[in-house]
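> Build me a structure from this.
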Amino acid sequence: MSSAAGQPIPESPRDEYGERPVSVHDAELRSAAQELERPPSVLLELEIPPSELDLTLTFESILAETSSSDEPEAKAVHKRASNVMKLSEENEKLKEELRMLTERLEAAERKQQELRQKAARSEDESDSKSVS
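Residues are numbered from 1 along each chain as shown. Here you go, the predicted structure:
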């Protein structure tokens with residue numbers, strides 16, 4: 001390669017892989033990565049303490065403990081659910097009874113209105129006959 005003045009441009013140094021580092025920082029990163037890839041020269045000997053966990057529990061034993069301890073609570077929940085169902089049924093019956101009573105009341109009010117209108121008409125007829 002040569003510059004516009006005809007002088008050769010110096011090539012940047014290449015690493016052992018034949019690649020050109022972009023900067024000094026890039027070269028430092030590359031060397032740090034290579035160090036991390038090397039296996040450690042001394043293996044650390046760590047002593048792992050023995051476990052004190054009881055791993056003899058089975059799934060069935062856990063479920064058996066849970067179901068026996070929850071039994072009074074389960075009965076209470078079942079009783080509450082039963083009470084809720086009874087109250088719900090009673091509520092539906094009361095709603096139906098209220099609907100029927102409302103219909104009867106509306107029918108009675110309509111009948112009363114009709115009777116008032118009939119009475120007013122008959123009064124008007126008797127007034128018009130008495131005037132003539």
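> for the chain, what helix or strand is lowest in average pLDDT?
Taking mean pLDDT, DSSP states H and E as the measure, the helices and strands of the chain show their lowest mean at helix 59-69, namely a mean of 67.
> which regions of this structure sit below the pLDDT cut-off?
Of all residues in the chain, those with pLDDT under 70 make up the ranges 1-27, 36-46, 53-55, 57, 65-70, 130-132.
> Run through the helices of it in chain order.
Secondary structure of the chain by DSSP state H: the helices cover 24-37, 59-69, 71-131.
> As JSON lines, those helices with distance to I48 and mean neighbour count would be great.
C-beta: built from backbone N, CA, C; applies to glycine. Below are the helices of the chain laid out as JSON lines (distance: least, C-beta to C-beta, whole Å; neighbours: other C-beta atoms under 10 Å):
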{"stretch": "helix 24-37", "distance to I48": "25", "mean neighbour count": "10"}
{"stretch": "helix 59-69", "distance to I48": "27", "mean neighbour count": "10"}
{"stretch": "helix 71-131", "distance to I48": "41", "mean neighbour count": "10"}
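> Relative to E52, which of these is closest?
helix 59-69 (19.1 Å; C-beta to C-beta).
> quick one on the thing from earlier: between the helices of the chain, which one is closest to P49.
helix 59-69 (26.0 Å).
> how much space between R30 and E92?
For R30, the distance to E92 equals 79 Å [C-beta to C-beta, to the nearest Å].
> try M85
Distance from M85 to E92, by C-beta to C-beta: 11 Å.
> repeat for Q113
Counting by C-beta to C-beta - Q113 and E92 are separated by 32 Å.
> do A74 as well
27 Å.
> repeat for S31
Taken as C-beta to C-beta, the span from S31 to E92 is 82 Å.
> same deal with E114?
The value you get for E114 to E92, if C-beta to C-beta is used, is 33 Å.
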